[in-house]
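S.K.: can't give you the sequence, but here's the structure:
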(Lines give C-alpha, C1' and ligand atoms only; values in the text may rest on other atoms or scores of the structure.)
Protein backbone atom coordinates (compact mmCIF):
# COMPACT_ATOMS: atom_id res chain seq x y z
CA UNK A 1 0.00 0.00 0.00
CA UNK A 2 1.23 3.50 -0.73
CA UNK A 3 2.15 6.20 1.76
CA UNK A 4 -0.86 8.22 0.76
CA UNK A 5 -3.66 8.51 3.23
CA UNK A 6 -6.24 9.48 0.62
CA UNK A 7 -6.59 8.32 -2.95
CA UNK A 8 -7.72 11.70 -4.23
CA UNK A 9 -5.83 13.06 -7.13
CA UNK A 10 -3.61 15.92 -6.10
CA UNK A 11 -3.21 14.90 -2.47
CA UNK A 12 0.49 14.67 -1.67
CA UNK A 13 1.39 14.69 -5.35
CA UNK A 14 4.81 15.89 -6.25
CA UNK A 15 4.58 19.64 -6.78
CA UNK A 16 7.11 19.51 -9.63
CA UNK A 17 4.78 17.44 -11.81
CA UNK A 18 2.13 20.07 -12.24
CA UNK A 19 2.32 23.63 -13.29
CA UNK A 20 0.96 26.19 -10.87
CA UNK A 21 -0.85 29.24 -12.12
CA UNK A 22 1.26 32.34 -11.83
CA UNK A 23 0.01 35.12 -9.65
CA UNK A 24 -0.67 38.38 -11.30
CA UNK A 25 -0.01 41.71 -9.68
CA UNK A 26 -2.88 43.90 -8.60
CA UNK A 27 -4.88 44.95 -11.60
CA UNK A 28 -5.55 48.63 -11.90
CA UNK A 29 -9.16 49.67 -11.63
CA UNK A 30 -10.57 51.66 -14.51
CA UNK A 31 -10.97 55.34 -13.78
CA UNK A 32 -14.57 55.95 -12.84
CA UNK A 33 -14.19 59.62 -11.95
CA UNK A 34 -17.10 61.52 -13.40
CA UNK A 35 -18.75 58.42 -14.87
CA UNK A 36 -22.50 58.01 -14.43
CA UNK A 37 -23.31 55.60 -11.63
CA UNK A 38 -26.88 54.70 -12.56
CA UNK A 39 -28.86 57.21 -10.53
CA UNK A 40 -29.97 60.38 -12.19
CA UNK A 41 -29.01 59.43 -15.72
CA UNK A 42 -30.31 62.17 -17.97
CA UNK A 43 -31.17 64.41 -15.04
CA UNK A 44 -29.23 67.62 -14.53
CA UNK A 45 -26.68 67.40 -11.73
CA UNK A 46 -24.39 69.91 -10.11
CA UNK A 47 -20.94 69.41 -8.65
CA UNK A 48 -21.04 70.69 -5.07
CA UNK A 49 -18.85 70.77 -1.97
CA UNK A 50 -20.54 69.58 1.22
CA UNK A 51 -19.53 70.09 4.82
CA UNK A 52 -18.50 66.72 6.29
CA UNK A 53 -20.20 67.54 9.60
CA UNK A 54 -23.62 68.96 8.70
CA UNK A 55 -23.86 68.24 4.94
CA UNK A 56 -24.62 71.80 3.84
CA UNK A 57 -23.80 72.64 0.21
CA UNK A 58 -21.12 75.32 0.03
CA UNK A 59 -20.23 77.38 -3.02
CA UNK A 60 -16.63 77.04 -4.06
CA UNK A 61 -15.07 80.35 -4.98
CA UNK A 62 -11.49 79.30 -5.62
CA UNK A 63 -9.44 77.62 -2.90
CA UNK A 64 -10.69 77.04 0.63
CA UNK A 65 -8.70 79.05 3.15
CA UNK A 66 -7.33 77.19 6.19
CA UNK A 67 -9.39 79.47 8.44
CA UNK A 68 -12.70 78.94 6.57
CA UNK A 69 -15.65 77.66 8.59
CA UNK A 70 -19.05 76.27 7.65
CA UNK A 71 -21.76 78.97 7.78
CA UNK A 72 -24.28 76.51 9.26
CA UNK A 73 -22.41 74.51 11.91
CA UNK A 74 -19.30 76.67 12.39
CA UNK A 75 -16.88 73.76 11.99
CA UNK A 76 -13.64 74.23 9.97
CA UNK A 77 -13.76 73.32 6.28
CA UNK A 78 -10.02 72.88 5.61
CA UNK A 79 -9.91 69.43 7.28
CA UNK A 80 -8.90 65.94 6.23
CA UNK A 81 -12.52 64.75 6.31
CA UNK A 82 -13.42 67.39 3.70
CA UNK A 83 -10.44 66.50 1.47
CA UNK A 84 -10.69 64.55 -1.78
CA UNK A 85 -7.58 62.54 -0.84
CA UNK A 86 -8.88 61.36 2.57
CA UNK A 87 -8.91 57.55 2.66
CA UNK A 88 -9.14 55.66 5.98
CA UNK A 89 -7.49 52.61 4.41
CA UNK A 90 -4.41 54.43 3.10
CA UNK A 91 -1.17 55.07 5.00
CA UNK A 92 -1.66 58.06 7.33
CA UNK A 93 -5.28 58.01 6.04
CA UNK A 94 -4.31 60.02 2.96
CA UNK A 95 -3.73 59.04 -0.68
CA UNK A 96 -0.93 61.61 -0.97
CA UNK A 97 2.61 60.95 0.33
CA UNK A 98 2.61 62.53 3.80
CA UNK A 99 5.68 62.54 6.02
CA UNK A 100 3.70 62.45 9.27
CA UNK A 101 0.17 61.56 10.30
CA UNK A 102 -2.27 64.39 10.93
CA UNK A 103 -3.52 63.88 14.49
CA UNK A 104 -7.13 65.00 14.26
CA UNK A 105 -8.87 64.60 10.93
CA UNK A 106 -11.68 66.97 11.97
CA UNK A 107 -9.44 69.92 12.94
CA UNK A 108 -8.33 72.64 10.56
CA UNK A 109 -4.87 72.07 9.09
CA UNK A 110 -2.53 73.60 6.53
CA UNK A 111 -1.95 70.52 4.39
CA UNK A 112 -0.44 71.46 1.01
CA UNK A 113 -2.26 68.58 -0.72
CA UNK A 114 -5.77 69.66 0.36
CA UNK A 115 -8.38 69.56 -2.40
CA UNK A 116 -12.08 69.97 -1.55
CA UNK A 117 -14.09 66.77 -1.87
CA UNK A 118 -16.77 67.52 -4.43
CA UNK A 119 -19.78 65.32 -5.12
CA UNK A 120 -22.53 65.27 -7.70
CA UNK A 121 -25.77 66.63 -6.30
CA UNK A 122 -28.41 64.12 -7.36
CA UNK A 123 -31.20 65.54 -5.24
CA UNK A 124 -33.62 67.09 -7.63
CA UNK A 125 -36.18 69.73 -6.86
CA UNK A 126 -38.85 67.58 -8.48
CA UNK A 127 -40.08 67.71 -12.04
CA UNK A 128 -41.40 71.11 -13.09
CA UNK A 129 -43.84 69.68 -15.61
CA UNK A 130 -44.90 66.26 -16.91
CA UNK A 131 -42.64 66.81 -19.92
CA UNK A 132 -39.57 66.92 -17.65
CA UNK A 133 -40.35 63.47 -16.26
CA UNK A 134 -40.93 62.11 -19.75
CA UNK A 135 -37.69 63.66 -21.00
CA UNK A 136 -35.78 62.06 -18.12
CA UNK A 137 -37.39 58.68 -18.87
CA UNK A 138 -36.58 58.97 -22.58
CA UNK A 139 -32.99 59.89 -21.73
CA UNK A 140 -32.58 56.49 -20.08
CA UNK A 141 -33.00 54.67 -23.39
CA UNK A 142 -31.26 57.14 -25.67
CA UNK A 143 -28.26 55.93 -27.63
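M.R.: Sure, I can see it. This is a predicted model, so every value here is computed, not measured.
S.K.: Strands of this structure, residue ranges please.
M.R.: With strands called from DSSP state E, the chain shows them at 46-50, 57-58, 118-121.
S.K.: okay if I get those strands as TSV plus mean pLDDT?
M.R.: Shown next, in TSV, are those (pLDDT from 0 to 100):
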stretch	mean pLDDT
strand 46-50	83
strand 57-58	86
strand 118-121	80
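S.K.: Dump those strands to TSV, plus mean neighbour count and distance to residue 109.
M.R.: (Each C-beta comes from the backbone N, C-alpha and C, glycine too.) Below are the strands of the chain laid out as TSV (neighbours: other Cβ atoms under 10 Å; distance: least, Cβ to Cβ, whole Å):
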stretch	mean neighbour count	distance to residue 109
strand 46-50	14	17
strand 57-58	15	18
strand 118-121	13	19
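S.K.: Ok, which of those strands comes nearest residue 84?
M.R.: strand 118-121 (7.2 Å; Cβ to Cβ).
S.K.: List the strands paired with that closest one, with their directions.
M.R.: strand 46-50 (antiparallel) (DSSP bridges).
S.K.: re earlier: got the strands of the chain as a markdown table, with distance to residue 5 columns?
M.R.: Below are those laid out as a markdown table (distance: least, Cβ to Cβ, whole Å):
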| stretch | distance to residue 5 |
| --- | --- |
| strand 46-50 | 61 |
| strand 57-58 | 67 |
| strand 118-121 | 58 |
